[in-house]
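In: Here's a sequence, model it:
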Amino acid sequence: MADFDLDPLAAFRIDGKVAIVTGASSGLGARFARVLDAAGAKVVLVARRRERLEQLAGELDDALPAPCDLSEVDGVGRVVDQALDRYGRVDVLVNNAGMVDVHPAEKEPLSEFRKVIDVNLVAPFALSQHAARAMLDGGSGGAIVNVASVLGLVGVGQIPQAGYAASKGGMVNLTRELSAQWSRKGVRVNAIAPGWFESEMTADMFSEEGKGRDWVARRAPLGRHGREGELDGALLFLASDASSYVTGHVLAVDGGWTSI
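Out: Below is the predicted model:
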């Protein structure tokens, strides 16, 4: 028998680490912020809606509201600067913020397509650049968790979102490429690919007299959409030392959607 105490949960703790979470004003982003806070992190809350960030910050142990419009890519570096000014380090980045486009591809305005790519792919890349520099300069490395989607792995068609699908497909391979470039330097990069979860972004889908729920239930092997909290484990795994030998991985949390 080993002569040391084994605590299998200790690796999932991120006590004292500084985590930036985008899209933190509602939905999955707000949940992610709460989860990281509960695991011991100091959380930098990023979104456009200042009042919501301030309200959430008041509920957490140590959080910094950092309002930012991610469609204005030139300004995303200020988020990292604020984290460094307040806490002196950055350890975790969760690129969660995003937007959708619902248009038949043949009718979608190019301006809308570009906007989705800018928010969902260009902004996360720019923020990852700034965060990775801080992690590397700090000498202790870090973890980047990109929130992709099953629509970055497979097509759907019945919900026409060419820009969203393209951006999330780009996020999947951006994850792999950044991992290939930065992992030896100490920055691990992974992604979560959620299936269908209720959120502010999917409110219309799940509010139409149960039609969205029924559609997902028919297609997902688990027979339902994702519930609140069912991304918590994946997030903590990839953000913490529990995944210290995992990089460049895309973890689908989708009820089996991409397995068939």
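In: Doesn't residue 120 belong to a strand?
Out: No. Using DSSP: H, G, I helix; E, B strand; the rest coil, the secondary structure at residue 120 is helix, not a strand.
In: Buried residues of stretch 77-97, list them for me.
Out: With burial defined by 16 or more other CB atoms under 10 Å, the residues of stretch 77-97 counted as buried are 77, 79-80, 82-84, 87, 89-97. Bear in mind the C-beta positions are built from the backbone N, C-alpha and C, glycine included.
In: mind showing which ranges of this protein have poor pLDDT?
Out: Along the chain, the model assigns pLDDT under 70 to residues 1-5, 202-204, 207-210.
In: again, 80 this time
Out: Within the chain, the stretches with pLDDT under 80 are 1-5, 199-211.
In: Helices of that one, start to end?
Out: Taking DSSP state H as the test, the helices found in the chain are 27-38, 50-57, 77-87, 110-117, 123-138, 162-182, 203-207, 211-219, 232-239.
In: Can you show me the CA trace of the fifth one as CSV?
Out: What follows is the C-alpha trace of helix 123-138 in CSV, where atoms were taken according to Å, rounded to 0.1, in the frame of the first residue of the first chain:
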residue,chain,number,x,y,z
ALA,A,123,-12.2,37.2,-30.6
PRO,A,124,-11.3,34.0,-28.8
PHE,A,125,-8.1,33.7,-30.8
ALA,A,126,-7.1,37.3,-29.9
LEU,A,127,-8.0,36.7,-26.2
SER,A,128,-6.1,33.4,-26.2
GLN,A,129,-3.0,35.3,-27.6
HIS,A,130,-3.1,37.8,-24.8
ALA,A,131,-3.8,35.2,-22.1
ALA,A,132,-1.1,32.9,-23.4
ARG,A,133,1.5,35.7,-23.3
ALA,A,134,0.6,36.4,-19.7
MET,A,135,0.7,32.7,-18.8
LEU,A,136,4.1,32.3,-20.5
ASP,A,137,5.5,35.4,-19.0
GLY,A,138,4.3,34.3,-15.6
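In: Number the residues from 16 up from this point.
Out: Sure, I'll start counting at 16 from here, so that last one is helix 138-153.
In: and that helix with helix 177-197, angle?
Out: Following axes from the mean of the first three to the mean of the last three CA atoms, to 10 degrees, one obtains 20 degrees for the angle between helix 138-153 and helix 177-197.
In: what's the answer for the fourth one, then?
Out: Helix 125-132 and helix 177-197 meet at an angle of 40 degrees, taking the same axes, to 10 degrees as the criterion.
In: ok, the nearest residue to residue 60 once chain neighbours are set aside - contacts?
Out: Among residues not flanking residue 60 along the chain, residue 39 sits closest, at 4.1 Å (CB to CB, 6 or more residues apart in numbering). If you count contacts by CB atoms under 8 Å, 6 or more residues apart in numbering, residue 39 has them with 45, 47, 48, 58, 60, 61, 62, 68, 71, 111.
In: can you pull the contacts of residue 69?
Out: residue 80.
In: before we move on, the earlier item: nearest to residue 141, of the contacts of residue 39?
Out: Proximity of those to residue 141 was ranked by CB to CB; the top entry is residue 61 with 12.5 Å.
In: Could you report the neighbour count for the nearest residue to the closest one once chain neighbours are set aside?
Out: Spatial nearest neighbour of residue 61, chain neighbours left out: residue 37 (4.4 Å); criterion: CB to CB, 6+ apart. Neighbour count for residue 37, taken as other CB atoms under 10 Å: 27.
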